[in-house]
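> please find the sequence and the predicted model below.
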Amino acid sequence: MTFSYLSAYLAFIMSLPIGYAYLRISRSASDIVRHMSISIFCVVSAFAWRSIFWDAVPVWVDEHWPVFRDSFGGREVNNLWNLVFAYGCYRALRALQLMVPEEDRPKWPFWIAWLYPPRRRRRIVSRD
């Protein structure tokens, strides 16, 4: 067994309670909490499943790994996990947008809400 095999198991096992807990929290009445919990679930799950697929499964299937990998589309299977990860990031950005005060929210769409509050301009003090 290699270290990547063991670390994949560790990552996957540690992600199970995280995924379960945050998926349960996603039923919350608060929109911010719902967006953040789904975000955490998606990001952690995408990483854990990718880790298992590329690090642990080759050890399980041994010499059949090339056939097994190709049956899932080879490296194209990463597209699924990338989309889940991107969706998780989108939900996190939506949560950040909901944290912007109501009166400022129309000026701060989700893709730039992470920059709120606007940085104050520093005064340039000239020294004599």
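Everything's here; your move. Since the structure is predicted, the reported quantities are computational estimates derived from the model, not experimental observations.
> quick one: contacts for the nearest residue to residue 92 once chain neighbours are set aside?
Using CB to CB, 6 or more residues apart in numbering and skipping residues adjacent in sequence, the residue nearest residue 92 is residue 39, 3.9 Å away. C-beta: built from backbone N, CA, C; applies to glycine. Contacts for residue 39 (CB atoms under 8 Å, 6 or more residues apart in numbering) come out as 88, 89, 90, 91, 92, 95.
> for residue 114, same thing?
Residue 114 neighbours (CB under 8 Å, 6+ apart): 93, 96.
> assign residue 18 to helix, strand or coil.
Following DSSP: H, G, I helix; E, B strand; the rest coil, residue 18 is assigned to helix.
> show the pLDDT at it.
If you check residue 18, the pLDDT there is 91.
> for the residue nearest to residue 92, give its distance to residue 33.
Counting by CB to CB, to the nearest Å, the gap from residue 39 to residue 33 is 11 Å.
> same check, this time on residue 69
For residue 69, the distance to residue 33 - CB to CB - is 38 Å.
> ok, residue 118 next?
Residue 118 is 26 Å from residue 33, by CB to CB.
> these two: which has the busier surroundings?
residue 33 (16 against 9; other CB atoms under 10 Å).
> ok, the residue minimising distance to the centre of the chain to residue 62 distance?
Nearest residue to the geometric centre of the chain (CA atoms, centre = their mean): residue 43, 2.1 Å. Distance of residue 43 to residue 62, computed by CB to CB: 31 Å.
> how about residue 82?
27 Å.
> between those two, who's got more neighbours?
Using other CB under 10 Å as the criterion, residue 82 and residue 62 rank with residue 82 on top: 12 against 8.
> can you say which helix or strand has the more buried one in it?
Taking DSSP states H and E as the definition, residue 82 sits inside helix 78-98.
> swap in residue 47?
Per DSSP H and E, residue 47 falls inside helix 31-51.
> now do that helix and helix 78-98, the angle between them.
160 degrees (axes from the mean of the first three to the mean of the last three CA atoms, to 10 degrees).
> and the helix or strand that helix 31-51 is followed by, what's buried?
Counting by DSSP H and E, the next helix or strand C-terminal to helix 31-51 is helix 57-61. Using 16 or more other CB atoms under 10 Å as the test for burial, helix 57-61 gives residue 58.
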